[in-house]
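Participant: kindly generate the corresponding structure for this input.
(2 chains, ligands or ions: 2)
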Amino acid sequence: MQDYSIHDGDGVRTTIFLAGCGLRCRWCANPESWTQQRKLAFHAHKCAACHRCAQACREGLDPAAKDFDPARCTFCGDCVAACPEQALQLACLESGVEAVAAKLRRDEIFFRHSGGGVTFSGGEPFVQPAFLGQVIDACERLGVSVWVETCGFFAWDACKDLMPKIDHVFFDIKHMDAETHRRFTGQGNAAILENACRIHDLKIPMTVRIPLIVEVNLDEDNLRATAAFMRARLEGSTIELLPYHELGKAKYLSFRMAEDFHSFSTPSAEQMEWAYGIFAEYRIARHR
Amino acid sequence: MDSVVKRVTDRIERLRLNYVNTRPSICCERAKIYTDSHKRTEGKAVILRRAQAFHDFCAEFEVRIFSDELIVGTAGKFRRTGILTPEYSWKWVDREMDTFPSRPQDPYQITEEQCRFVRSEIFPYWRGKSLEEHFLASLPEATARIAVDTGIIDNDSKWRQAVGEITPDYEGHLFRLGYRGILQKAEEKLAALDYLNAEAIDRIHYYQATVLTAKGIILLANRYADLAEEMAAAEPDAARAAELLEIAQVCRRVPEHPPQSFHEAIQFVWFVQLGGIVTENPLALNPGRFDQYMYPYYAADIANGTLSREQAKELIHALWLKFSEWVWTISENTTGYFAGYNQFQNLTVGGRKRDGSDATNELTYLCLEATDEVRTHQPGLSVRIHSDCPHEFLYAVTDLVSKGTGFPAIHNDQAGTQMLLQAGYEPEDARDWNNCGCVVPHFRKTGQWTSAVNVNFAAAMEYALNGGKSRLTGEKLGLPAKPVKDYASYREVEDAVFAQVGNLVHHSVISTVVAQQLHAEMVPRPFLSTCIENCVETGVDLSRGGAKYNVGPVLTGIGLAVVANSLAVIKKLVFEDKAATLAELDAAMNADWEGYESLRAKALAVVKYGNDDDYVDAIARDLANTYYRTTRSYKDNFGSPFNSAFMGISNYIPTGRIVGATPCGRKARKPITEGVSPYAGSDVTSPLAAMRSSAKMNHDVHTGGTLLNLRLGEDLVATPKGKRDLGNVIRAYFSLGAFHVQFNTLSTETLRKAQQHPEDYKDLLVRVAGYSTQFVNLSPEMQEAIIARSAHGTF
Ligand code: SF4
Ligand code: SF4
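Facilitator: Ligands and ions are numbered 1, 2, ... in the order given. Below you'll find the model as predicted:
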């Protein structure tokens, strides 16, 4: 959970990250949230090689070692507590609805004054519909607005009852071409585009988000196809373009996923404006 | 507001560069004139001697107008000048002046010749006569042991220095009467008085002193007018000559008469400030609610076409530079508490008017813009935010925050009013508050020692946990305490800590009332008393309680978070989890945690104040409440109860230096904590959680002010939305009853660059605590402390 986030919707929001995602976007900045398994991050640059973590581990593991075997780890956190450098960190821990609600109760005063609320992000929030539903119900009781950021790849039937309780959706459309989409994310885009239409048909305000990546989707044909699709099928939705960044790289290293990291190029400010210009031609407004 | 064109005139830029690039110099003129004058007035009433000395200064000091100046007047020969006031203290100057140019914090220029001169011509006269010497001779031994240059309780700014801590009353008094009016009033009063009893004699002396003082300041202004005319006659540049003639005209008029234009009103303010500086070298002589009392002059000049917005801004820039050029001459010990050439001249804008309606006006915005544009460290700019304040104003405030200067100090209007009501003010006066110094809600008809003593909570805790002794020196400095291993319950530990805090309060009170008594006898304040209406009406000096409101001295608690964090560790690890014994903790602290790394890791893992967790926040609140009740149970020499505060200044560094390792995991001698701020780096959750923790203290009872200092990631205020959101975060924080918050938005990266290339970052302002100053003017240790404050970003 991250409070005081101001880039994920109106006002001051608390972003709740739910782990698990059916896509494997090659530029993903949160690879630790691909699966719901608990994980132990190791920030090598902070490590002082003091071996306290290994001494603390009851399973006889050395979390600072290259050959650390996560399969044997119980995620007890003893090594995390023993590390004087804060070089170890547990991730993807389950938290109860009550704990989440307690945090929201504390943040509520800031939501109230800023017109903010909660934004669910991920991973993909809709892959955990039961938990998501419980937290959304808690938000409803607290009178907190709910925004969801989705990659669109989820099973509609399990989630459709949640939709009317959502105030706004950020919907990622990575590419309009199914094949390209599959090449970079591991899945086609038909189900995704269909889900976008269904959400729109329920009249839930929507912002389409495109992670803009030079090598992947920064071409005129694709942008025009996206804009045309929005014009035709997502009437009234707005657009937000997010320039690709490499800040996720550290996470690939910390979570020992270096081999999954791919480097792409960040679009320039001019390219961003040019891309927005295309959407403007289709009379699609920028997200505020 | 984003589109404000950033511009200062070439003149202001030259003045600004001079201010940024010049090291302050000590001028001995004032000390010489005052000393010679005192030699001539032996035997007279002290207040008359002080008034005569001021008059002599006004008559004899060689006045100077420097190139480009629009607002004139300095207290010494130099633009950036510090003065010596040996009647308060001289011994520390004698001890330290040879190292003034080389000391790490706030160095001053002084020549060997000057040093020789003051040692032979000035100091011998004051031997045995200074406030410092009398104070040290009067203080009971038990108090002196912990109150004199110890870092345990510290009030040296009240016996090595004048008090300052005054807000001149322009609106209702000075601008109404002018010094001619004050002079006439004093003469009328004198005519009706006779030497019939002690009280009448005191009043006669008071009014005679007022006459001398008023004549002095009028004379000084006219001497500036004479000089300006002379300089105009010799000035080849016609434009500058015309300016000099205008300066002459202005100085002929003010402060003798009520001002008739914005320019005159500004010069009036500076002459009053100058009078205060010359007489007292004061801390916290506050310009107060500048946007309120100046507005009528601004509005009239704009309406009749004699002033443009840009011209007004240039005059404000010039005044800001004046506020910043002079330096408060202080000892090396004091610089530890008030670092950064800071004079604590607090200027407050926004808020409500006396009738409760919104007070923001065009000048409010001009002040914010001026602070961004000239980037001077003075005045200390404070804003009052009320629940119905204009959105544009709040936006201008967060926009200024985004510039990373640390300005402004942001205050909750309602909380300030509540604090003054609590202190016994009438409702209209309570709504009319301004800040004094850093974060003390104050009012222009008040005499109060707003920063009387710093009380080191962490030292008190150390005595409770170490048998009454200092862990670093073994000296017995606290109340007797039993061996730490004998405490049988958490409650016992807490009670013992609170009792030691109570003991420090007790000695703080003694140290304060002894100083108060000596101030009334030895250093009456004829000049600053002219700035307070009730003094002039009743004929009673400020130092004797002449103001309408005499509010009790403020005792500032330092280290609230360190003590709360440490008590939480003891409660959790020792008495709840039984993960350690008190004896083990004691051994670890004696070893400064060396060899106890795993125990330290456990201590660090216990939740810390500043993360919105009641486990530890409740301890902080109990401690704060107990401190409030204890301080309020004492009364000062005017019968006013003492006040509690959690404010800042840079006192958390020197106070940390004398405290050994603490159970919270802190190492020996490291800084403790300021105000109601979390321990540096331990408010890991978010600024919102830190705000919620801080708001749990009952701010309204701590009428000496509370301070929360936070660093914000630059990206949080990089966009208009971010600035609006921050405004709403502030509103939310204030709705919880909190009084103050201030933000540093510089990235660690920027600060590191400034450390490596100080020459490129001379004008980089940072928030120290309750005030801002040039980062490069801080000692390396202070710089590290600033960087260590956890930066809250969004990632
Ligand atoms: S989390 Fe527990 S089991 Fe896993 S490496 Fe750390 S100490 Fe060992
Ligand atoms: S305890 Fe921390 S610093 Fe020490 S080896 Fe393990 S990860 Fe590195």
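
Participant: burial measure for the residue nearest to B:Lys39 when sequence neighbours are not counted, as a count.
Facilitator: Spatial nearest neighbour of B:Lys39, chain neighbours left out: B:Tyr125 (6.5 Å); criterion: C-beta to C-beta, 6 or more residues apart in numbering or on different chains. (Glycine included, C-beta is placed from N, CA and C.) Using other C-beta atoms under 10 Å in any protein chain shown, B:Tyr125 has 17 neighbouring residues.

Participant: now do the SS call for B:Tyr125.
Facilitator: Look at B:Tyr125: counting by DSSP: H, G, I helix; E, B strand; the rest coil, its state is helix.

Participant: how close does it get to ligand 1?
Facilitator: 73 Å (C-beta to the nearest ligand atom, to the nearest Å).

Participant: also A:Val12?
Facilitator: Taking C-beta to the nearest ligand atom, one finds A:Val12 at 34 Å from ligand 1.

Participant: ok, that residue to B:Pro687 distance?
Facilitator: For A:Val12, the distance to B:Pro687 (C-beta to C-beta, to the nearest Å) stands at 10 Å.

Participant: the host helix or strand of B:Ile182 - contacts with which helices or strands?
Facilitator: Taking DSSP states H and E as the definition, B:Ile182 sits inside helix B:175-191. Where contact means 3 or more C-beta pairs under 8 Å, 6 or more residues apart in numbering or on different chains; DSSP states H and E, helix B:175-191 is packed against helix B:198-234, helix B:533-538.

Participant: that helix vs helix B:198-234, what angle?
Facilitator: Here the directions of helix B:175-191 and helix B:198-234 differ by 130 degrees (axes from the mean of the first three to the mean of the last three C-alpha atoms, to 10 degrees).

Participant: any idea which helix or strand in chain A has the lowest mean pLDDT?
Facilitator: Using mean pLDDT, DSSP states H and E, the weakest-scoring helix or strand in chain A turns out to be helix A:249-254, at a mean of 80.

Participant: and the stretch 251-400 of chain B, which of its residues are near chain A?
Facilitator: Counting by C-beta under 8 Å from any C-beta of the partner chain, the stretch 251-400 of chain B comes close to chain A at no residue.

Participant: ranges for the strands of the stretch 251-400 of chain B?
Facilitator: Listed in chain order, the strands of the stretch 251-400 of chain B (DSSP state E, counting those that start in this stretch) span B:346-350, B:380-385.

Participant: including mean neighbour count and distance to B:Arg252, could the ones you listed go into TSV?
Facilitator: Listed next are the strands of the stretch 251-400 of chain B as TSV, based on neighbours: other C-beta atoms under 10 Å in any protein chain shown; distance: least, C-beta to C-beta, whole Å:
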stretch	mean neighbour count	distance to B:Arg252
strand B:346-350	28	27
strand B:380-385	28	31
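
Participant: export those strands to CSV and tack on mean pLDDT and distance to ligand 1?
Facilitator: Rendered in CSV, the data for these read as follows (pLDDT from 0 to 100; distance: least, C-beta to the nearest ligand atom, whole Å):
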stretch, mean pLDDT, distance to ligand 1
strand B:346-350, 97, 52
strand B:380-385, 97, 46
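
Participant: for the residue of the stretch 251-400 of chain B found nearest ligand 1, give me its contacts.
Facilitator: Using C-beta to the nearest ligand atom, B:Thr398 is the residue of the stretch 251-400 of chain B that sits closest to ligand 1, at 42.2 Å. Listed by C-beta atoms under 8 Å, 6 or more residues apart in numbering or on different chains, the contact set of B:Thr398 reads B:Val717, B:Lys723, B:Arg724, B:Leu726, B:Gly727, B:Ile730.

Participant: hmm, try it at 10 Å
Facilitator: Neighbouring residues of B:Thr398 by C-beta atoms under 10 Å, 6 or more residues apart in numbering or on different chains: B:1, B:410, B:716-717, B:720, B:722-730, B:743, B:745.
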